[in-house]
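**Student:** Quick one: sequence plus predicted model below, questions after.
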Amino acid sequence: MIGYLFLLIILAGAAGFFINRRAARARMAAGERLHSMAAFHGAYAVCLSALPALVFTLLFLLFEGPIVDAILTASLPADAVADMDPGQLSLVEAEIKSIARGNVFGEPEPWKRDAAAYYAALRHNATLALWVAVIAILGVGLALARRRVSARFRARHRVERVIGWIMLACSGTAVLITAGIIASLLYESIRFFEKVPIGEFLFGLNWEPQIPIREGQIAGSGAFGWVPVFVGTLVITSVALFVAIPIGILSAIYLNEFAAPRLRAVAKPLLEILAGVPTVVYGFFAILVVAPAIRTAGATLGIDVAPNTALAAGSVMGVMLIPFISSFTDDALSAVPQTLREGSLALGATRGETMRKVLFPAAIPGIVGGILLAVSRAIGETMIVVMAAGLIATLTINPLDSVTTVTVQIVTLLIGDTAFDNPKTLAAFALGLMLFIVTLGLNLVALGVVRKYRELYD
């Protein structure tokens, strides 16, 4: 039903656009000079009808659930729910909603059936009220917009003002989401550091967050030193960048400056296909092809190689990152003014010298942006690491050993039935906070490099 409602909003907005535009064009054809173009009168109809209806629908859907749940809870028999704690009450409400959807298991109590019928009626009435309100908003908006088509009406100003408010709302939403993420990380991290000393977390050399979560369970006391996890992240990221940076930059330089147009037209799309391969496919390739090849080579040379290695995960991750660096480098080289290239060649420099001494330095801001994106992608990768590097946090910089990363540990810690007041679960937020700080530091360093070279070549 909601999908049909959104379709109605879209169709009504499109109809209002074409009706108002047609009316404005008719007035222009009759010799009347309008302040705004016909398209702005059509867009004004959309802003006055479809946009308010869409906002109202989203707000209604946002608050409908909590309000209906509160009404349902208040309507439950007091004697039936008097001794229930919040968890039990939540389970009862979930059962009632399941009955209302037709999923009946066993023979529920009569009061639950009555509550389910009441809940279904509430949802039906809420949906009906939503449809009536949206149709009313659309009708009133279209009628008002149609009456505003006149020579003196400044439709363009109204539409541009609405667009400005929309862009401001989008910008504010992005900022609020970022602030919310940071606040949640800080809040949960503070709860974690109330249970685990911050010094142990920052400087501890063991990561074994296996603690008892139920009475009588056999488990270790838990060790929450994040250094092995961070070192494993650095090792895998370093291997990936060691593979991706030279191949990505050199391939972009060749395709941009030295390759024939026909070769570039074929090679560049093929190279960018690597960015569309799912990470699970890269993980399978790493564990089925690369890891056995590394173990075979190690056995041939008499070198001890772990079954899961940072080298296998990092090298395959580097292949995945090649398109990011190559694409950014190619775009940065193409953005260098043609006058710099022609001036260098006119002074007698070869194409290689022009690339090395003129084009590449001028394109460094864009290249650093591509490398930074690749670093962020490598730090945040999970699937390849899980499949090819393992889950054990080992304090080593040997790429032939099994290591793990911060993101893998975050996923591991949040899987299961552990309560959120447990140090094992809260450790995931502390890792996320440290990862955020490290990424922010990398961004600041990259921004400094970009500003330095941008000042030199502006």
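**Tutor:** The structure has been received and is ready for your questions.
**Student:** Put the alpha carbons of the lowest-mean-pLDDT helix or strand in the chain into PDB.
**Tutor:** Every helix and strand in the chain was compared by mean pLDDT, DSSP states H and E; the lowest is helix 78-81, with a mean of 73. Output of helix 78-81 as PDB, limited to C-alpha atoms (Å, rounded to 0.1, in the frame of the first residue of the first chain):
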ATOM      1  CA  ALA A  78      -3.800  -4.800  33.200                       C
ATOM      2  CA  ASP A  79      -4.200  -8.100  35.000                       C
ATOM      3  CA  ALA A  80      -2.500 -10.000  32.100                       C
ATOM      4  CA  VAL A  81       0.600  -7.800  31.900                       C
END
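**Student:** what sits up against it?
**Tutor:** 89, 92, 109, 111 (CB atoms under 8 Å, 6 or more residues apart in numbering). Any C-beta I mention is one placed from the backbone N, CA and C, and that applies to glycine too.
**Student:** which stretches of the protein have low pLDDT?
**Tutor:** Within the chain, the segments meeting pLDDT under 70 span 104-106, 210-222, 416-421, 453-458.
**Student:** Select the longest helix from it.
**Tutor:** Longest helix in the chain by number of residues (criterion: DSSP state H): helix 155-195.
**Student:** packing partners for it?
**Tutor:** Here helix 155-195 touches helix 38-48, helix 423-457, going by 3 or more CB pairs under 8 Å, 6 or more residues apart in numbering; DSSP states H and E.
**Student:** Now the ones you listed in JSON lines, please, with extra columns for mean neighbour count.
**Tutor:** Compiled in JSON lines, the helices and strands packed on helix 155-195 are given as follows (neighbours: other CB atoms under 10 Å):
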{"stretch": "helix 38-48", "mean neighbour count": "25"}
{"stretch": "helix 423-457", "mean neighbour count": "16"}
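**Student:** Residue 266: which of the ones you listed is closest?
**Tutor:** helix 423-457 (31.6 Å; CB to CB).
**Student:** can you list the domains in this structure?
**Tutor:** 2-153, 223-457 (automatic domain parsing).
**Student:** Ranking those domains by mean neighbour count, which comes first?
**Tutor:** domain 223-457 (a mean of 18; mean count of other CB atoms under 10 Å).
**Student:** sorry, back to before: between the domains of the chain, which one is nearest to residue 159?
**Tutor:** So among the domains of the chain, domain 2-153 is nearest, using CB to CB, at 4.7 Å.
**Student:** tell me how far the ends of that closest one are from each other?
**Tutor:** One end of domain 2-153 to the other measures 35 Å (CA to CA, to the nearest Å).
**Student:** which residues of the protein fall in strands?
**Tutor:** 207-208, 223-224 (DSSP state E).
**Student:** Same list (those) but as JSON lines, adding distance to residue 55.
**Tutor:** Formatted as JSON lines, those follow (distance: least, CB to CB, whole Å):
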{"stretch": "strand 207-208", "distance to residue 55": "47"}
{"stretch": "strand 223-224", "distance to residue 55": "45"}
